[in-house]
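[1] Quick one, fold the following:
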Amino acid sequence: MYLCIMNNSKNKGINSVVGMIGGGQLGRMFIQEAIDLDVEVHVLDPDALAPCHRIAHTFTQGSLNDFDAVLNFGSDKDVLTVEIENINIDALEELEKRGKSVFPQPFALRTIKDKGIQKQFYKEHQIPTSSFRLIDSKADLNSESLPCVQKLRTGGYDGKGVQVLRTEEDFSKAFDAPSVLEELIDFEKELSVIVARNASGQIVSYPAVECEFNPEANLVELLFAPAEIPEDLEVKAQQLAVSVIEKLEMVGILAVEMFLTKDGQLLVNEIAPRPHNSGHHTIECNVTSQFAQHLRAILNLPLGSTQMISPGAMINLLGEKGFEGDAFYEGLDTFLDIKGIHPHLYGKRSTKPFRKMGHVTIAGDSIKEVKSIAHQALKGIRVISK
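    So this is what the prediction gives:
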């Protein structure tokens with residue numbers, strides 16, 4: 001099941017030169033889909049060996065936070081998009097003024113980039129979320145806020161910049177920077193819905209998925225699709241995701257992460273204005289992948305079907321603790337003869353603890369089947385150094 005809302009505005013066609021700000025694994029998988037439509041994707045990234053560097057149409061090394069680097073990179077592109085939020089938005093706004101199409105739009109990126117502004121957006125638009133307050137430094141902490149989740153307002157990424165404070169003793173490890181203090185939710189499940197919108201107003205949403213996080217790294221470790229929730233909650237989750245992208249007026253793809261509380265409520269936790277970990281399974285398990293969908297959205301093409309082809313699971317391949325250096329995927333070969341296994345290695349030469357090195361999707365006939373294989377693979381595959 002999926003939601004679809006559209007109007008009849010004319011699309012711009014496919015003949016576009018796309019500039020991608022950020023050259024990590026999300027950009028790499030985006031380019032792999034763009035190749036099928038013969039769309040040129042040019043990439044800007046500070047790392048000369050970023051995952052995109054070998055497959056981008058052109059690759060430019062430069063800082064994502066430098067105004068001139070972003071402005072110069074985007075000056076000859078038709079459409080600009082991003083694979084990370086921590087970038088120079090002022091430069092994107094200037095490019096937009098000069099007539100470039102920038103999706104997601106800079107105003108949406110500003111709202112999402114700062115978690116404080118993001119939470120205030122939910123409050124102002126009656127989007128259900130956990131209670132919160134904003135602080136400037138750890139000096140503003142007090143026992144009345146406990147227990148809570150502290151999140152840096154800006155700069156946090158891939159599990160960094162988030163920590164749980166349960167007692168006053170935890171204040172010693174608190175971030176001493178502008179932060180959001182969120183109520184610690186006793187949730188039943190963590191869900192995510194990927195939703196996409198093009199400039200014509202067409203919106204599609206994917207079936208909700210269930211995520212399990214690595215407690216130490218605060219990263220998604222396992223994903224199961226579809227989520228095992230009642231049909232009425234499935235409908236509500238997709239409707240909630242649609243309402244978020246509509247109120248944000250964003251063009252592109254949006255991941256809407258949610259808590260399902262013990263009493264059956266859905267609360268928006270965070271949103272990401274780009275392809276997301278919680279949508280990687282769509283490459284094998286849905287008619288249209290999240291990467292192909294993002295490309296369609298930013299080029300204002302008709303959005304694709306989000307129907308599931310099969311149940312799926314995904315495991316993140318994270319760098320093993322205690323290993324740093326040239327990457328070696330121990331045990332991966334032993335799983336390659338299992339029906340439905342699809343590895344995706346990101347082309348990162350070196351590993352370090354908890355670095356995202358790749359993922360493995362398992363497509364199968366039932367959630368029970370893919371869950372069993374996923375748990376085996378999680379234990380059996382390790383990313384270590386040679």
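[2] so where's the stretch 1-150 of the chain shaky on pLDDT?
    Low-confidence segments of the stretch 1-150 of the chain (pLDDT under 70): 1-15.
[3] Do a quick rundown of the helices in the stretch 101-250 of the chain.
    For the stretch 101-250 of the chain, the helices defined by DSSP state H, counting those that start in this stretch cover 106-113, 115-124, 231-248.
[4] In JSON lines: these, plus distance to Ser278 and mean neighbour count.
    (Each C-beta comes from the backbone N, C-alpha and C, glycine too.) Below are the helices of the stretch 101-250 of the chain laid out as JSON lines (distance: least, C-beta to C-beta, whole Å; neighbours: other C-beta atoms under 10 Å):
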{"stretch": "helix 106-113", "distance to Ser278": "16", "mean neighbour count": "20"}
{"stretch": "helix 115-124", "distance to Ser278": "17", "mean neighbour count": "18"}
{"stretch": "helix 231-248", "distance to Ser278": "11", "mean neighbour count": "18"}
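[5] got these as JSON lines, with distance to Gly201 columns?
    What follows is the helices of the stretch 101-250 of the chain, written out as JSON lines (distance: least, C-beta to C-beta, whole Å):
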{"stretch": "helix 106-113", "distance to Gly201": "15"}
{"stretch": "helix 115-124", "distance to Gly201": "20"}
{"stretch": "helix 231-248", "distance to Gly201": "9"}
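[6] Ile55: which of those is closest?
    helix 106-113 (24.9 Å; C-beta to C-beta).
[7] care to break the protein down by domain?
    4-116+186-298, 131-183, 312-385 (automatic domain parsing).
[8] Tell me which of those sits most buried.
    domain 4-116+186-298 (a mean of 20; mean count of other C-beta atoms under 10 Å).
[9] about what we covered before: wait, which of the helices of the stretch 101-250 of the chain is closest to Pro353?
    helix 115-124 (24.6 Å).
[10] Just the residues contacting the closest one, thanks.
    Contact partners of helix 115-124, identified using C-beta atoms under 8 Å, 6 or more residues apart in numbering, comprise 110-112, 127-129, 132, 134, 151-154, 156, 178, 180, 182, 247-248, 268, 270-271.
[11] can you do 10 Å?
    Residues outside helix 115-124 that contact it (C-beta atoms under 10 Å, 6 or more residues apart in numbering): 108, 110-112, 114, 127-135, 151-156, 161-162, 178-180, 182, 244, 247-248, 267-271.
[12] any idea of the angle it forms with helix 231-248?
    Angle, helix 115-124 to helix 231-248, by axes from the mean of the first three to the mean of the last three C-alpha atoms, to 10 degrees: 110 degrees.
[13] Restricting to C-alpha, output helix 115-124 in CSV.
    Extracted C-alpha coordinates of helix 115-124, given in CSV (Å, rounded to 0.1, in the frame of the first residue of the first chain):
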residue,chain,number,x,y,z
LYS,A,115,17.5,20.4,15.4
GLY,A,116,16.2,23.2,17.5
ILE,A,117,14.5,24.9,14.6
GLN,A,118,13.4,21.4,13.4
LYS,A,119,11.6,20.8,16.8
GLN,A,120,10.0,24.2,16.7
PHE,A,121,8.7,23.5,13.2
TYR,A,122,6.9,20.4,14.5
LYS,A,123,5.4,22.4,17.4
GLU,A,124,4.3,25.3,15.1
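[14] Quick one: mean pLDDT over stretch 349-364.
    Average pLDDT, stretch 349-364: 96.
[15] cool, stretch 377-386 as well?
    On average, stretch 377-386 scores 95.
[16] ok, now stretch 315-330?
    96.
[17] C-alpha coordinates for that stretch, PDB please?
    Extracted in PDB, the C-alpha atoms of stretch 315-330 (Å, rounded to 0.1, in the frame of the first residue of the first chain):
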ATOM      1  CA  ILE A 315      22.100  -4.800   8.000                       C
ATOM      2  CA  ASN A 316      24.600  -2.000   8.200                       C
ATOM      3  CA  LEU A 317      28.200  -3.100   7.800                       C
ATOM      4  CA  LEU A 318      30.000  -1.000  10.400                       C
ATOM      5  CA  GLY A 319      33.700  -1.000  11.100                       C
ATOM      6  CA  GLU A 320      34.500  -3.400  13.900                       C
ATOM      7  CA  LYS A 321      35.700  -2.000  17.200                       C
ATOM      8  CA  GLY A 322      39.500  -2.400  17.600                       C
ATOM      9  CA  PHE A 323      40.300  -2.300  13.900                       C
ATOM     10  CA  GLU A 324      41.600   0.600  11.800                       C
ATOM     11  CA  GLY A 325      43.200   0.500   8.400                       C
ATOM     12  CA  ASP A 326      42.700  -1.200   5.000                       C
ATOM     13  CA  ALA A 327      39.200  -2.700   5.000                       C
ATOM     14  CA  PHE A 328      38.600  -6.500   4.800                       C
ATOM     15  CA  TYR A 329      35.000  -8.000   4.800                       C
ATOM     16  CA  GLU A 330      35.500 -11.100   6.900                       C
END
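[18] could you dump the domains of the chain to JSON lines with distance to Gly304?
    Below are these laid out as JSON lines (distance: least, C-beta to C-beta, whole Å):
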{"stretch": "domain 4-116+186-298", "distance to Gly304": "3"}
{"stretch": "domain 131-183", "distance to Gly304": "28"}
{"stretch": "domain 312-385", "distance to Gly304": "17"}
